[in-house]
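[1] coords below, sequence missing:
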């Protein structure tokens, strides 16, 4: 299954945000990578700004270009504001929902839990990270996997019901996808309008 395997901290420093989770490298060096990272003041073109925003969204949600483009095209075919629909589709991915519910500390961990068949949706094992979760779906950790240290440690530090569109029961390791989030509720620092402008050209 294709996924980004390159250096994570360089990407986080490039965007000056911990898009792969907490980053000690970003805390030590809050500037871009490379020998000119501290002193790079070149003015970016409109296209470069839009491209950067798209790349940031891709890395944040752990997707490759073709996947991301397909999701954008799916968003354009649905009713509603394309930018908001795109973000809702990103937030509805199973790996992202597993992460948001607190079963994993990062989306990469959530993806691994999913592909290794530790995640159950409505009583059925689902091992596809891009699976689209729907309102009302119940997501839980497979009974045989509830002793995993990764899940236990992640839930210990998780604040219950952190997101309005999700409900988590730490004791039973179960969560529910209540509804699609609205733009104001999604915590990611992504200017989705720039992405729409980029793909609309």
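    Good, I have the coordinates. All figures in this text were calculated on a predicted structure; none of them were measured in a lab.

[2] In contact with the spatially most central residue of the chain, which residues?
    If you average the C-alpha coordinates of the chain and look for the closest C-alpha using C-alpha atoms, centre = their mean, you land on residue 61, 3.3 Å from that point. Under the criterion of C-beta atoms under 8 Å, 6 or more residues apart in numbering, the contact list for residue 61 reads 68, 90, 93, 96, 107. (C-beta placed from N, C-alpha, C; glycine too.)

[3] for residue 77, same thing?
    With contacts defined as C-beta under 8 Å, 6+ apart, residue 77 is in contact with no residue.

[4] Can you pull the phi and psi angles for it?
    phi -90, psi -10 (degrees, to the nearest 10).

[5] One more: residue 67?
    According to degrees, to the nearest 10, the main-chain angles of residue 67 amount to phi -60, psi -50.

[6] need the contact list for it.
    Contacts of residue 67 were listed using C-beta under 8 Å, 6+ apart, and they are residue 130.

[7] max-length helix in the chain?
    Here the longest helix in the chain is taken by residue count, with DSSP state H as the criterion, and it is helix 46-61.

[8] lowest average confidence, helix or strand, in the protein?
    Every helix and strand in the chain was compared by mean pLDDT, DSSP states H and E; the lowest is helix 24-28, with a mean of 54.

[9] Which residue ranges make up each domain of this protein?
    Using automatic domain parsing, the domains assigned to the chain come out as 8-89+190-199, 94-179.

[10] which one of these has the most crowded surroundings?
    Of all the domains of the chain, domain 94-179 carries the top mean neighbour count, a mean of 17, counting by mean count of other C-beta atoms under 10 Å.

[11] Endpoint to endpoint, that one covers what distance?
    With C-alpha to C-alpha, to the nearest Å as the measure, the ends of domain 94-179 fall 14 Å from one another.

[12] Return the mean pLDDT over the helix or strand hosting residue 120, rounded to an integer.
    Here residue 120 is covered by strand 119-121, with elements defined by DSSP states H and E. Per-residue pLDDT over strand 119-121 has a mean of 98.

[13] partner strands of that strand, parallel or antiparallel?
    Paired with strand 119-121 in the same sheet, following DSSP bridges, are strand 124-125 (antiparallel), strand 138-141 (antiparallel).

[14] Now mean pLDDT and distance to residue 173 too, for those strands, in JSON lines please.
    Compiled in JSON lines, the strands paired with strand 119-121 are given as follows (pLDDT from 0 to 100; distance: least, C-beta to C-beta, whole Å):
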{"stretch": "strand 124-125", "mean pLDDT": "97", "distance to residue 173": "14"}
{"stretch": "strand 138-141", "mean pLDDT": "98", "distance to residue 173": "4"}
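
[15] Thanks a lot, catch you later.
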